[in-house]
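A.B. asks: I would like to see how this sequence folds:
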Amino acid sequence: MRLERGGRDYMRGLLLVAVVACGLAGCNTTGDVASTMYPEAVRAGGAVKSDTAIVLVANGGSETINYLQFVHNGFPAINARGISLAPDGFVAIPVAVGTTGLELQNYTTTGRPGTYLPNGASMGFVPVHTPKIDLHAPGLYYVATVFPGQQRSFETRPTAVQLAKLRKERPELAALKPVNFTWSN
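C.D. replies: Numbers count the residues shown, from 1 in each chain. Purely as a prediction, here's the structure:
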């Protein structure tokens with residue numbers, strides 16, 4: 001009887017440790033709401049918090065992008081889902097200041113949705129693997145222009161035409177300080 005009760009107490013203790021560990025792994029590490037696993041893209045004309053890093057991704061291809069996955073030195077990955085990044089458009093994703101080693105890992109398009117098979121293998125995700133950047137201060141960070149369906153997969157510097165369009169169409173973003181690019185690229 002005593003051994004049986006001790007075994008149950010041991011299992012309860014292990015279960016408690018597992019629950020706490022899973023909870024901590026799923027939480028953001030900086031305490032900022034913007035570091036969630038599924039951040040919502042900044043909507044055109046929407047409010048932007050001045051203490052947040054905003055990562056920009058442009059679409060230079062002919063297909064609409066509907067999902068972006070960013071990996072970084074922390075856990076978990078940052079997944080921008082439910083977006084509609086049209087050709088020649090931009091998406092702005094809030095990410096916590098202090099995030100390090102951020103890179104755009106993959107994306108999906110409306111014509112090529114991504115899925116996971118029961119064995120854990122993925123299908124439909126287009127790999128990108130942009131250079132890693134550190135989000136050390138609030139402001140705008142340009143991650144890449146992605147080219148769905150083209151030989152060249154991405155470009156890390158925005159063009160002057162893209163920046164002029166961004167400033168004109170997204171004044172809420174144009175008011176933020178660019179960190180890894182200049183408005184005169």
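A.B. asks: what about stretch 62-75, distance to the chain center?
C.D. replies: Its chain's average C-alpha position is 5 Å from that of stretch 62-75, according to C-alpha atoms, centre = their mean, to the nearest Å.
A.B. asks: whoops, stretch 98-113 was the one
C.D. replies: On C-alpha atoms, centre = their mean, the centre of stretch 98-113 falls 6 Å from that of its chain.
A.B. asks: Any idea how many residues pack against residue 141?
C.D. replies: When neighbours are counted by other C-beta atoms under 10 Å, residue 141 registers 23. Where you see a C-beta, it was placed from the backbone N, CA and C, and this is true even at glycine.
A.B. asks: and what of residue 145?
C.D. replies: Quick note: residue 145 (other C-beta under 10 Å) scores 21 neighbours.
A.B. asks: Which strands border the helix or strand where residue 94 lies, and is each parallel or antiparallel?
C.D. replies: Using DSSP states H and E, residue 94 maps to strand 90-95. Applying DSSP bridges, strand 90-95 is found paired with strand 53-59 (antiparallel).
A.B. asks: pLDDT weak spots in the protein?
C.D. replies: 1-35, 185 (pLDDT under 70).
A.B. asks: quick one: the helix or strand following the strand holding residue 94 to strand 90-95, angle?
C.D. replies: Once the chain leaves strand 90-95, the next helix or strand it forms, by DSSP H and E, is strand 103-109. Angle of strand 103-109 versus strand 90-95, following axes from the mean of the first three to the mean of the last three C-alpha atoms, to 10 degrees, is 130 degrees.
A.B. asks: Which elements pack onto strand 103-109?
C.D. replies: Contacts defined by 3 or more C-beta pairs under 8 Å, 6 or more residues apart in numbering; DSSP states H and E place strand 103-109 against strand 65-71, strand 126-127, strand 139-146.
A.B. asks: thinking again about what came up before, roughly how far out does the strand holding residue 94 sit from the chain middle?
C.D. replies: With C-alpha atoms, centre = their mean, you get 8 Å for strand 90-95.
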